[in-house]
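S.K.: Predicted coordinates and the sequence they were generated for:
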Amino acid sequence: MENKPDQNPTNNAPVPPPVQYYYQVRICDDAWKDEANHEDDNIDHFSVTLREGCFSGYIHIPKTWKTWWNQPAGNDQSAYWRAYWFLGDNPQGPYPGGGDINLGTHPNPMQFRMEGRGTYLFYTNFKVTPQDNSGTETHGLPSQIIPINPTSGASPSYTFSILQCHRSGEAILCSGQATNKTDAQTNISVPRGGTSVDDEGNSAQFDITFPGSNLLSGLGARLFPNVPTNFAITIYDNHQNAKSVNLQLPTIWGDVDGRRDTLFYKEVPVQ
């Protein structure tokens, strides 16, 4: 009996293989010759093409970038992957290639090596800080960034400012800084149970973390006096037309039995 080909073309469609990683924890022999040093550059984006089997030379993020993201670039990203090796830390990864990642809140986010496959775009949504006539960098936040402080619930002991929020696929990513205004090291934690409502009236859950924190799950940090400490907020709001969000954040200042505050932020813009 003659075997006839399957009449359903979808059954004969090739199944793409899973992403294969040729990953090794070693530094490339020529890593010192291919560093991507943008430390002193006044740019808002650059790209890096990775290779497998060893980590690259150091990638230096511009000093003017206060927070930043990276994402894969190009048409076919199905085989992309990447791993990171931050200065003073252990290697992280490998990770599959898709998605927009906020690495700008890592404890040491400005210098790292990468290994992987594909081309990755690094960018900031902030206007870069210009240099003065002497060639010395102008310190502080970029001129167009105005920290968003709570409209109610603020404490004299610390500031908890949101710097910016932007849409990333099915979520809204925000970055901010917390600063201890006292003269003693103090813990701040952000327990779950806060509220997010966008300008269309949609409520959503969110997570807030201090990446690399010494506190459990990154849900808080031990703040040094007058040292801004980065935090990140991921809001699970998939409504693509949302232009702003209202946030209510519960905080605990001090130990578990410390003072409890509720910070409210009104109409935080989503870029």
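M.R.: Structure received.
S.K.: Once you drop chain neighbours, what's closest to residue 202?
M.R.: residue 239 (5.0 Å; CB to CB, 6 or more residues apart in numbering). Just so you know, the C-beta spots here come from the backbone N, C-alpha and C atoms, and that holds for glycine as well.
S.K.: One more: residue 45?
M.R.: In this structure, residue 45 finds its nearest non-sequential neighbour in residue 123, 3.9 Å apart by CB to CB, 6+ apart.
S.K.: In this structure, which strand is the longest?
M.R.: strand 111-123 (DSSP state E).
S.K.: Quick check: buried residues in that strand?
M.R.: 112-118, 120, 122-123 (16 or more other CB atoms under 10 Å).
S.K.: Next SSE downstream of it?
M.R.: Downstream of strand 111-123, the first helix or strand assigned by DSSP states H and E is strand 158-168.
S.K.: Tell me the gap between that following strand and the middle of its chain.
M.R.: 11 Å (CA atoms, centre = their mean, to the nearest Å).
S.K.: Which helix or strand lies directly C-terminal to that strand?
M.R.: Toward the C-terminal end, the helix or strand that comes next after strand 158-168 (DSSP H and E) is strand 171-180.
S.K.: Sheet partners, orientation included, of the helix or strand just after that next one?
M.R.: Sequence order places strand 186-189 as the next helix or strand after strand 171-180, per DSSP H and E. Strand partners for strand 186-189, identified by DSSP bridges, are recorded as strand 220-223 (antiparallel), strand 244-253 (antiparallel).
S.K.: what distance separates strand 186-189 from the middle of the whole chain?
M.R.: Centre-to-centre, strand 186-189 and its host chain are 21 Å apart (CA atoms, centre = their mean).
S.K.: Can you give me the buried ones in the helix or strand immediately after it in the chain?
M.R.: Later in the chain than strand 186-189, the nearest helix or strand by DSSP H and E is strand 195-198. Neighbour-count burial for strand 195-198, counted by 16+ other CB under 10 Å, picks out 196-198.
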